[in-house]
Structures are given as C-alpha cells and as structure tokens.
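[1] Below: sequence and its predicted model.
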Amino acid sequence: MLYAQDSLRTTQLDNVVVTGQFEPLSIKQSVYQVRTISYAQIVRRGATNLQSVLATELGVRFSNDLALGVSDIRLMGMGGQNVKILLDGVPLLERGETREALNQIDINTVERIEIVEGPMSVMYGSDALAGVFNIITKKYDGHWNLEARVLEETAAREYDPFTDKGVHNESVGAHWQRGKWSAGGSVTRNNAGGWNEDHYSSDLPSQPMRWHPKEQWLGMGNVGFGTDKMTLRYRLNYTDETITSLGTYNPRVGQAIDKEYITHRYNHQLQADWNLTERLVFNGVASYQDYSRRTRTLLYDMATGATWLSPEPGTQDETDFSMAMSRGTFLYRLSDRVSLQPGYDVNLSKGAGDRIDREREINDYAVFAAAEIKPASFLNIRPGIRFIHNSVYDAPPAVPSLNTKIQLSSRLDLRLAYAYGFRSPALRELYFSFHDASHDIYGNENLKAEYSNSFTGSLAWQALTGAGRKDQLTSTLAGFYSTFQDQIILATVADPSMPSGVISRYENITRSRTIGTTLDNNYLYGGLQVSLGFSYIGVSDPLKSQEGVLELLWSPEVRTNVSYTWNKPGTTVSLYYKYTGKSSNYETVIPEGSTEPITRLASRENFQWADFTVAQRINRLLDLTVGVRNLLDVTTLRNTSLDVGNAHSGGGDQPMSYGRSYFLSLHVHFTK
C-alpha cells in the first residue's frame with residue numbers, strides 16, 4: 001500500500017481520465033491535453049490540503065490573503081475566477097473571485113486530480129476559461145474498507161501535540177459494500193495554531209498573528225446502488241471552518257479586537273449512469289449547495305477575559321449563497337467512427353448578505369452538443385457548441401469549440417484546438433457594496449460577460465517505450481494563445497465626492513491576452529521516477545489594457561520531481577522542487593500630496609520552493625510518511641506594490657509561508 005507500482009510501471013499516458021470525455025479513456029487517447037496527479041503522488045506529499053499538492057505544478061500559482069485567511073489560485077497566468085473547480089464533475093459554489101473551495105475539500109477522500117488547460121466552456125459553462133481542476137474522490141473495492149490517518153506538523157519551530165501550535169490532521173473513514181448496495185462516510189479535523197514571525201516575551205501579542213489560527217471539520221457520507229446497467233450515487237459533504245484573527249492588544253484601553261470568519265458549506269450531490277442500450281448511455285448529475293460565511297468582530301477584555309460583539313458599523317457581516325444545478329448528457333454511438341453527445345445544463349444561484357444589495361439571483365440555462373468523428377485511424381475530431389440563456393446578462397449567442405488529435409506515429413501525438421470561452425459576472429461583482437474608513441467598493445449591474453478566443457497545441461512524444469523496456473521517457477511540448485474581451489476587474493475610479501478622491505468598482509476592460517509555452521518530461525527506470533518541466537508565460541496587464549496597450553509581462557517556471565522506490569523494504573524517497581520567476585503587474589496609486597491616480601509597474605521577486613519526503617510501508621496495514629516542507633525556508637517575498645486601496649490588496653511584501661516545517665504522518669488501512 002505504498003503506492004509505488006501504480007506510477008512506476010506505467011507512464012502517465014496510460015492513466016485513465018474522465019474530465020470532458022465521452023467515456024473513461026487513457027490520456028493518450030484523449031483529444032484534450034490532460035495532466036493527472038495520482039493517489040500515490042498525493043500520499044507521498046504528506047499533504048493536509050490540495051494547495052500543497054498543486055503548488056509545485058507547472059503553471060499553477062497561489063496567493064495568500066492573510067487578512068481573511070484564504071488563498072487563491074492562478075492557472076496559466078489567469079486568476080481563480082477563470083478556473084473551474086469540480087468535485088467528481090460537479091462545479092463547487094464560490095462566494096466570489098477567490099477559489100476558497102479548493103482548500104475546503106477533504107484530501108483524505110481524494111483519489112486523483114485531473115487538470116485540463118484551456119477553455120472548457122462547451123462542457124462546463126462559465127468560468128472555465130483558463131481550465132478545469134476535477135477532483136476525483138475514492139472508489140472502493142471489497143466488502144469493508146476502513147482507514148485512519150494522523151498527521152502532525154510544526155509551524156516553523158513551533159509545535160504542540162495535537163492542538164494549538166503547529167498543524168494537526170486527524171481523519172477516519174469507513175466504506176461498506178454488499179451486493180448492489182454501498183455506503184460510507186468519513187470525518188476529518190484540520191487544526192492550525194497560527195504563526196507570527198515576531199517572538200513575544202509574554203502571551204500578549206504586540207501585533208496580530210500573520211497566519212491566523214484555523215479549525216476545520218470536514219464530513220462526508222454517501223450511499224450507492226448499482227446493477228449491471230445502472231448506478232446511482234448520493235453524497236453529502238459538509239464543511240465547518242473557523243478562522244480566528246487575533247487582533248492587536250491596546251494597553252491604553254486594556255482590550256484587543258478579534259475577528260472570527262465562520263464558514264458552513266453543505267454540498268448534496270446525486271449522480272446517475274444508465275446504459276439504456278448498447279449504443280445509448282445517459283449520465284446525469286444534480287447538486288444543491290449552500291454556503292454561508294459570517295464575520296464576527298469581538299472586543300476582548302484582557303483583565304477579565306470577557307468578550308462581546310463590537311457595536312461599530314460594518315464590523316458584523318453574514319453572506320449566504322446557494323446553488324442548484326443539474327446536468328445531463330446522452331452518449332449515442334452511431335458507429336465505431338462517430339459518436340454524439342447532446343446535453344443540458346441548468347444553474348440557479350442566489351445570494352444575500354449585508355454587503356450585497358438585496359437578495360439577488362442569477363439563473364443560467366444551456367443546451368450543448370459535441371461529436372467525436374474518426375474519419376481515419378490516426379485522426380480524431382471533436383467539434384462542440386453550447387447555447388445559453390441567462391436571466392441577468394446577455395449571454396454569448398453560441399459557444400463553439402474544435403479539438404483534434406492526430407497520431408503522427410505510434411509514439412507521436414499532435415493535438416490542436418480552438419475554443420471560445422466565457423465567464424458570467426458573479427453575484428458579488430454585480431451587487432457588492434462595502435464601505436469603511438479606508439474603502440468604497442461597488443458592484444456594477446451593467447457588467448457584461450467576459451469571453452475569450454483560445455488556441456492551444458501540444459506534441460506528445462513517447463521517446464522510450466515498449467514491451468520489455470526497463471526505461472520509459474515521455475516529453476510533451478505545449479503552447480497556448482488567448483485573447484480576452486470585456487474582462488472583469490476591480491478598477492480604481494476617480495470620484496471627487498469621496499474623501500479619498502477615488503472608489504473601487506467592478507468594470508469591463510476592452511482587451512487582454514495571454515501567451516505561453518510549456519515543456520514537460522517524465523523518465524522512469526526501475527524504481528526511479530524523474531520529471532522535469534519548464535514554462536514561460538506572458539500576460540497583458542488589465543490596467544494597461546484599459547489604455548489600449550497589450551504589453552506582455554513574462555514570468556518563467558522550472559519544476560523537477562525525483563522519487564526512488566526500494567520495493568523490498570517498501571521505501572520511497574521523494575524530492576519536489578519548483579522555481580517561480582519574478583512576476584510583474586501595473587497598479588494605480590495616488591502619490592502623497594496628490595489627488596490624481598497614476599499607473600506604475602510593480603513586481604514580486606522570484607523564489608524557490610522544495611519539499612522532501614520519505615514514505616515507508618510498515619506492514620500491509622500501516623504506512624509512515626515523514627518529511628520536510630519548505631526546505632529553503634521561504635516566508636515572505638519582496639513586493640514593490642504600493643496598492644493598499646482595495647479591500648484586501650497585495651500592497652507590500654507578500655506572505656508565502658511560516659517557514660520550514662517538519663511533519664510525520666501515520667496511515668492505517670484495512671480491506672476485507
């Protein structure tokens with residue numbers, strides 16, 4: 001159960017994928033360029049969340065908002081609002097542009113991660129401009145499956161066992177299957193005690209903790225029924241998360257101002273697969289999700305220990321979102337060379353809260369169709385189109401795509417694609433309203449949908465492969481070019497009526513573009529697995545795009561992973577490394593002594609990240625993983641940004657981590 005052979009004896013091209021496919025098939029057969037992260041790779045990382053698994057992937061970057069205690073993702077130069085996060089093919093509800101749901105998925109239930117780069121709007125609708133992350137959960141064999149995991153990790157040099165200082169993960173799960181029925185469930189606790197780079201002579205902090213304490217409970221329950229022709233599965237996921245911001249102690253009044261960010265998330269999911277005939281298959285999914293986030297601002301009396309809610313305006317807030325969705329597809333095989341897949345997609349979203357102008361809703365209705373045509377054994381053509389009606393904005397009249405796969409030889413595959421992508425304005429962008437002493441932020445009911453035209457291509461070469469070979473080498477060279485129209489940004493707008501002279505408002509910008517290339521190599525020899533990749537991506541800045549300037553700001557990445565497995569003792573040693581180049585952006589600031597905003601170029605320094613792990617199989621029931629995270633002890637990146645005008649801007653140096661940490665994980669598993 002050390003998971004060595006699943007990745008060492010087969011190349012990634014043999015892995016089976018489902019994202020965007022008519023039916024499960026290998027990566028080599030797919031018309032899309034798909035990356036996968038296997039269960040073996042996830043376990044070896046000793047991770048407690050998906051961010052730490054994805055952070056060293058090519059083209060993937062994260063940013064941390066320490067004010068709110070959340071992180072956001074970027075893919076191929078595009079922000080989280082352009083990335084679709086799926087859980088077993090179901091889009092996850094988000095409250096805004098930030099992809100918070102990614103770190104609210106229980107990593108202990110994840111089987112693998114599939115990443116498809118480029119627009120997937122025909123299949124998955126809005127937001128899938130940069131690409132899709134599909135989180136595939138575990139499927140079990142056997143009458144009984146029981147597993148438990150305990151992970152303990154330091155926060156830099158700070159640690160207390162099982163609670164407070166450090167990071168603590170405990171999980172237990174069970175799955176039962178008999179005949180046509182199956183059922184299961186799991187509970188996971190994630191606890192982080194927070195961290196500050198300053199050291200105190202007492203328990204009273206001189207300034208707030210940079211990394212907030214977090215308590216997170218994740219629950220899951222499922223039941224399934226299956227026959228030879230039909231399967232039905234229901235699953236409920238629940239998240240209870242509290243992030244605590246411990247405020248500065250003010251000795252003059254003997255009080256501290258603390259904040260709690262409390263999140264509750266329910267995700268009901270029903271999936272059905274039905275083989276109606278030998279040629280006709282139905283796949284359907286329905287989901288209802290409910291999300292609430294509450295901000296509680298508390299005054300804490302240091303002398304008495306008493307706490308009470310702050311009476312100041314704007315210090316208490318609650319936001320509620322819900323989403324009901326249903327998607328269904330029919331796969332009809334006309335012949336061995338032609339397959340058709342028509343489908344429908346309905347999304348009904350609601351939102352209300354203190355910072356949203358009244359209860360609002362957006363309803364989206366779509367029908368789509370795709371085909372796979374194989375006019376020759378070496379050629380696969382997949383056209384697709386989507387038609388949309390939206391209750392709030394004028395949706396694009398049609399969303400087309402065209403993907404092709406050409407087998408140039410038994411070892412060489414060429415993929416070329418064009419796709420039209422779109423992103424509908426989110427409820428927050430349309431109706432948000434937030435005002436305090438430092439900020440005036442407005443939504444914009446006149447926003448239009450973003451859309452893009454994207455061209456992608458890749459060449460996959462199995463340089464060393466074949467029966468009887470001990471070594472295997474695969475190389476993939478890929479490139480993309482995308483242009484965007486009406487991209488939505490939070491812009492700084494002059495307003496002489498405001499004390500600051502400016503407001504922040506969501507606006508459409510005319511044009512922007514991204515362009516990039518990646519080279520990924522994977523080599524296997526016996527127990528050795530080596531991957532080496534490079535990317536170079538250019539992005540035009542939204543502020544300059546408003547001025548009609550599409551100057552590209554470039555940033556490189558280099559990634560390498562090395563693992564070696566000794567099968568007899570059951571030991572795997574792994575090193576993960578990634579270099580992330582300097583990134584730049586333009587920002588609008590108001591110089592001191594002036595009321596006129598100016599645009600200036602800011603940059604964040606490059607950095608290197610490395611993790612080291614050792615995974616050991618103790619026996620058939622028990623695995624041990626130990627490791628060092630953030631070997632190079634990166635904490636903060638130098639950032640020349642001066643933009644502190646937005647609600648949670650990246651002005652000033654950018655936090656990356658609490659430093660080098662050490663972890664130990666025990667995983668118990670039993671199958672009968």
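    Here it is on my side, so go on.
[2] going forward, measure contacts between C-alpha atoms and count neighbours the same way
    Will do.
[3] which stretches of this structure aren't confidently modelled?
    Applying pLDDT under 70 to the chain flags residues 1-14, 197-209, 436-439, 467, 494, 496-502, 545-549, 590-597, 642-652.
[4] now the helices for the chain?
    In the chain, the segments counted as helices under DSSP state H are 5-8, 39-45, 50-54, 121-124, 427-431, 542-546.
[5] Tell me which residues of stretch 357-376 come out buried.
    The neighbour-count check on stretch 357-376 (16 or more other C-alpha atoms under 10 Å) flags 357, 360-374 as buried.
[6] actually stretch 128-148, not the one I typed
    Taking 16+ other C-alpha under 10 Å as the criterion, stretch 128-148 shows 128-137, 144-148 as buried.
[7] Equivalent analysis for stretch 658-672, please.
    Per 16+ other C-alpha under 10 Å, stretch 658-672 contains these buried residues: 658-669, 671.
[8] cool, stretch 241-259 as well?
    Within stretch 241-259, judged by 16+ other C-alpha under 10 Å, the buried ones are 241-249, 255-259.
[9] Stretch 25-42 too?
    27-42.
[10] Just the ones of these in strands?
    Taking DSSP state E as the definition of strands, these contribute 34-37.
[11] Which two among these are spaced furthest apart?
    Val34 and Ile37 (10.3 Å; C-alpha to C-alpha).
[12] any residues in contact with both of the two?
    Taking C-alpha atoms under 8 Å, 6 or more residues apart in numbering as the criterion, Val34 and Ile37 both touch Glu114.
[13] Let's have the buried residues of stretch 658-672 in a markdown table, adding distance to Lys470.
    Shown next, in a markdown table, are the buried residues of stretch 658-672 (distance: C-alpha to C-alpha, whole Å):
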| residue | distance to Lys470 |
| --- | --- |
| Tyr658 | 42 |
| Gly659 | 39 |
| Arg660 | 37 |
| Ser661 | 36 |
| Tyr662 | 35 |
| Phe663 | 34 |
| Leu664 | 33 |
| Ser665 | 32 |
| Leu666 | 32 |
| His667 | 31 |
| Val668 | 32 |
| His669 | 31 |
| Thr671 | 32 |
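[14] How about the contacts made by the closest residue to Glu153 other than its chain neighbours?
    Nearest non-adjacent residue to Glu153, counting by C-alpha to C-alpha, 6 or more residues apart in numbering: Phe663, 4.1 Å away. Residues near Phe663 by C-alpha under 8 Å, 6+ apart: 46, 151-154, 626-629.
[15] Show me what Phe663 is bridged to.
    Note on Phe663: beta-bridge partners by DSSP bridges are Glu153, Gly627.
[16] how close does it sit to Arg45?
    Using C-alpha to C-alpha, to the nearest Å, we find Phe663 at a distance of 10 Å from Arg45.
[17] Determine the number of other residues adjacent to the spatially closest residue to Asp520 that is not a sequence neighbour.
    Leaving aside its chain neighbours, Asp520 sits nearest to Gly533 (4.2 Å; criterion: C-alpha to C-alpha, 6+ apart). By other C-alpha atoms under 10 Å, the residues close to Gly533 number 20.
[18] pretty sure Gly533 contacts Glu57?
    No. Using C-alpha atoms under 8 Å, Gly533 makes no contact with Glu57, being 9.1 Å away.
[19] Check what contacts stretch 273-281 and list those residues.
    229-232, 282-284, 330-334.
[20] Now flag whichever of those residues is closest to Ser410.
    Arg333 (25.5 Å).
[21] Spit out the contact partners of that closest one.
    If you count contacts by C-alpha under 8 Å, 6+ apart, then Arg333 has 279-280, 339-340 around it.
[22] do the same with Gly125
    So Gly125 contacts 422-423 (C-alpha under 8 Å, 6+ apart).
[23] Compile the contacts of stretch 273-281 into CSV and extend it with columns for distance to Leu92.
    CSV is the format used below for the contacts of stretch 273-281 (distance: C-alpha to C-alpha, whole Å):
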residue, distance to Leu92
Lys229, 28
Met230, 25
Thr231, 23
Leu232, 20
Phe282, 22
Asn283, 19
Gly284, 16
Phe330, 23
Leu331, 25
Tyr332, 28
Arg333, 31
Leu334, 34
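[24] Any of these buried? List them.
    Looks like the contacts of stretch 273-281 have 231-232, 282-284, 330-333 buried, using 16+ other C-alpha under 10 Å.
[25] Identify the farthest-apart pair in the residues you listed.
    Leu232 and Arg333 (22.6 Å).
[26] rewinding a little: out of the contacts of stretch 273-281, which two sit at the greatest distance?
    So, these by C-alpha to C-alpha: farthest apart are Leu232 and Leu334, at 26.0 Å.
[27] Kindly report which residue of this protein is located farthest from the centre.
    The C-alpha centroid of the chain is most remote from Arg252, which lies 43.6 Å away (C-alpha atoms, centre = their mean).
[28] so what's the closest residue in space to Ser326 that isn't next to it in sequence bridging to?
    Of all residues not flanking Ser326 in the chain, Ala286 sits nearest, at 4.3 Å (C-alpha to C-alpha, 6+ apart). Beta-bridge partners of Ala286, counted by DSSP bridges, are Leu270, Ser326.
[29] next one: Ser540
    Listed by DSSP bridges, the beta-bridge partners for Ser540 are Leu552.
[30] Strands of the stretch 501-650 of the chain, start to end?
    502-525, 528-540, 552-566, 571-580, 583-589, 598-604, 607-617, 622-629, 636-637 (DSSP state E, counting those that start in this stretch).
[31] just to revisit the earlier point, so which of the contacts of Arg333 is the closest to Glu551?
    Using C-alpha to C-alpha, those come closest to Glu551 at Leu340, 41.7 Å.
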